[in-house]
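>>> Fold the following, please.
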Amino acid sequence: MTVLGLKIDVDTYWGMKNGVPRLLRVLKDFDVRGTFFLSIGPDNSGRAALQLIKNPLFRKKMLRTKAPSLYGWKTALYGTLLPAPMIALSFPEVVRQILDEGHEVQFHAWDHRRWQDELPEKSEKWIRDWFEKGMEGFARLTGRKPTAFGAPSWLIDDRVLSIIKRYSFEYLSCTRAKSPFLHASLDVPEIPSDLPCFEELDSPDDVSALVRMLKDQKNHVLPVHAEVEGGIYEEKFRRLLKNALTSGVNVAQLIEIKAILNSDNLPRRRHEMALLPGRHSPCAV
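The predicted structure follows:
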């Protein structure tokens, strides 16, 4: 049986406020569960304006995905002309709803935008402080420590993996590799997002392309974003779930995929960075 894990990233204040409740309704309608990776701290999305100038691929992506329709105009000003609001910390009731409805909740970010745009130039101390703030905020919201980490924009380096060692994560979901593995320096299974995001496809309307990828009787992870599938792509996400379930695919949380992995048989690999089709910056693969 094909297993489809839903890795749902929440990157912005808009996504937490509007996208997550919409996604919860969708998942409830289909009686399936997913794993929500939450950004805890400030939404500095307005700083992405710098990428519009520096990165032509980012500019192209923003136009192709109709970014203002995805995120709203206020998001484009957070952290610059408007104060940066806290993301998950602003909505403890939404976090409680996610948990009450049976979904897995894990740690995605403290400050998503700064990690995504500035990680290589940040100090190791900055990374340690980033984790400490995020872990503390996560515990405040959920009453426990997270047991998994999914890096923003699938961006990691050796310093990040070294710092991760001090936390008792049961698994990671930090790469876009094709299948699960053990990081070369860690004994923690990596459950990668191996399928493309909706907005990375040549034709975002081509739900059938994703459905065809699910016919190989293997485990897969679909990267979902609260701002996308919980926004203007909601109907496409509904169609994907309907087609997948009709085809006998088992939709699951990532912790369920982790439970069926045999870590002893997983290959040990070192990540590398690569620019994937439809992306504007390299991801760990």
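>>> residue ranges of the helices in the stretch 151-285 of the chain, please?
Along the stretch 151-285 of the chain, counting by DSSP state H, counting those that start in this stretch, helices occupy 158-164, 207-213, 234-246, 254-260.
>>> so where is the stretch 51-200 of the chain shaky, pLDDT-wise?
Scanning the stretch 51-200 of the chain for pLDDT under 70 picks out 51-73.
>>> Mind jotting down where the strands sit in it?
According to DSSP state E, counting those that start in this stretch, the stretch 51-200 of the chain carries its strands in the segments 104-109, 148-149, 171-172, 181-183, 189-190.
>>> any idea how far residue 115 is from residue 48?
Using C-beta to C-beta, to the nearest Å, we find residue 48 at a distance of 13 Å from residue 115. From N, CA and C alone the C-beta is placed, and that goes for glycine too.
>>> my bad, should have said residue 41
10 Å.
>>> shared neighbours, the two?
residue 109 (C-beta atoms under 8 Å, 6 or more residues apart in numbering).
>>> circling back to that earlier point, pick the most deeply packed of the strands of the stretch 51-200 of the chain.
Mean neighbour count (mean count of other C-beta atoms under 10 Å) peaks for strand 104-109 among the strands of the stretch 51-200 of the chain, with a mean of 26.
>>> hmm, who's touching it?
Outside strand 104-109, the residues that reach it (C-beta under 8 Å, 6+ apart) are 9-11, 33-41, 95, 98-99, 115, 134-135, 138, 142, 146-150, 152, 173, 253-255.
>>> would you list the helices of the stretch 151-285 of the chain in JSON lines and tack on mean neighbour count and distance to residue 84?
Formatted as JSON lines, those follow (neighbours: other C-beta atoms under 10 Å; distance: least, C-beta to C-beta, whole Å):
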{"stretch": "helix 158-164", "mean neighbour count": "16", "distance to residue 84": "22"}
{"stretch": "helix 207-213", "mean neighbour count": "16", "distance to residue 84": "34"}
{"stretch": "helix 234-246", "mean neighbour count": "17", "distance to residue 84": "26"}
{"stretch": "helix 254-260", "mean neighbour count": "17", "distance to residue 84": "28"}
